[in-house]
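Asker: Pasting a predicted model and its sequence here:
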Amino acid sequence: MLNLVLFGPPGAGKGTQSQKLIEKHGLIHLSTGDLLRGEISQGTELGLEAKKLMDEGTLVPDEVVIGMISNKLDANKDAKGFIFDGFPRTVAQAEALDGLLDSKGESISRMVALEVGDDELENRLLLRGKDSGRPDDANPEVIRKRIKEYNDKTAPVAGFYKKQDKFKSINGIGSIEQIFGAIDKIIKTY
Ligand code: AMP
């Protein structure tokens, strides 16, 4: 299996690149943000709880997203591999993911980090908010909170994969095709 963690702050381009990667490599896209928004649109209890936190830019509890990922791994036993997008976002989530994959005799192949500076992120997210309809993209205060959550809780996850010698970082500024080419090169070396 090719199991890729696409890493980077909100607005780095993970969703866009994931779409291209699943098309080319036939992988399953697991975005915890998308899964949570699905729960919200279905009006589930989990969605209602998560919405409050998401609207203010705070991470939802680890056990909620770990449970969702565990279900998706079980539901896709024959997959060629997975792209994890927006997950793991804490070291506890990364440890849990290792455990889930290990129990299936699998592991993470690579983490690819998209590097984009905070000012650029803020501009991109505000622009995206005009079309995305996402409440957390529309408000500069919430955007700054999401970036702070990333720097405080998520950035340390890079160290987790560096220790396993799986971390690669690329410049997240450039054309979609340029960035895709850089990610693809890393995948080919695997
Ligand atoms: P995203 O679509 O990845 O930008 O996620 C939107 C929001 O969903 C985040 O700001 C968090 O509130 C929540 N979320 C998504 N993925 C996670 C995760 N792995 N851990 C905790 N919260 C998450």
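Answerer: Ah, there it is. Computed from a prediction, not measured in an experiment: that's the story for all the values here.
Asker: Going by C-alpha atoms from here, please, whenever you check contacts or count neighbours.
Answerer: OK.
Asker: how about the residues of the chain near the ligand?
Answerer: 10, 32-34, 53-54, 57-62, 65, 86-89, 146 (C-alpha under 6 Å from any ligand atom).
Asker: same thing but 8 Å
Answerer: Within reach of the ligand by C-alpha under 8 Å from any ligand atom, the chain has these residues: 10-11, 31-34, 36-37, 50-51, 53-62, 64-66, 85-90, 93, 136, 146.
Asker: Give the ChimeraX command for selecting the buried subset of the residues you listed.
Answerer: In ChimeraX syntax, the buried subset of those is picked out as below (16 or more other C-alpha atoms under 10 Å):
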select :10,11,31,32,33,36,37,50,51,54,55,56,57,58,59,60,62,65,66,85,86,87,88,89,90,93,136,146
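Asker: tell me the mean pLDDT over stretch 171-190?
Answerer: The pLDDT scores in stretch 171-190 average 94.
Asker: Do a quick rundown of the strands in this structure.
Answerer: Ranges of strands within the chain are 2-7, 28-31, 81-85, 110-115, 167-171, based on DSSP state E.
Asker: Mind putting those into JSON lines with distance to residue 43?
Answerer: Listed next are the strands of the chain as JSON lines, based on distance: least, C-alpha to C-alpha, whole Å:
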{"stretch": "strand 2-7", "distance to residue 43": "28"}
{"stretch": "strand 28-31", "distance to residue 43": "19"}
{"stretch": "strand 81-85", "distance to residue 43": "23"}
{"stretch": "strand 110-115", "distance to residue 43": "33"}
{"stretch": "strand 167-171", "distance to residue 43": "37"}
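Asker: Go through stretch 122-138 and flag the buried ones.
Answerer: 122, 124, 125, 126, 129, 136, 137, 138.
Asker: out of the residues you listed, which one sits closest to the ligand?
Answerer: Ranked by distance to the ligand (C-alpha to the nearest ligand atom), those are led by residue 136 at 7.3 Å.
Asker: is it true that the closest one touches residue 58?
Answerer: No - assessed by C-alpha atoms under 8 Å, residue 136 is found out of contact with residue 58, at 10.0 Å.
Asker: Among the residues of the chain next to the ligand, which are located in helices?
Answerer: 32-34, 36-37, 50-51, 53-56, 62, 64-66, 93, 136, 146 (DSSP state H).
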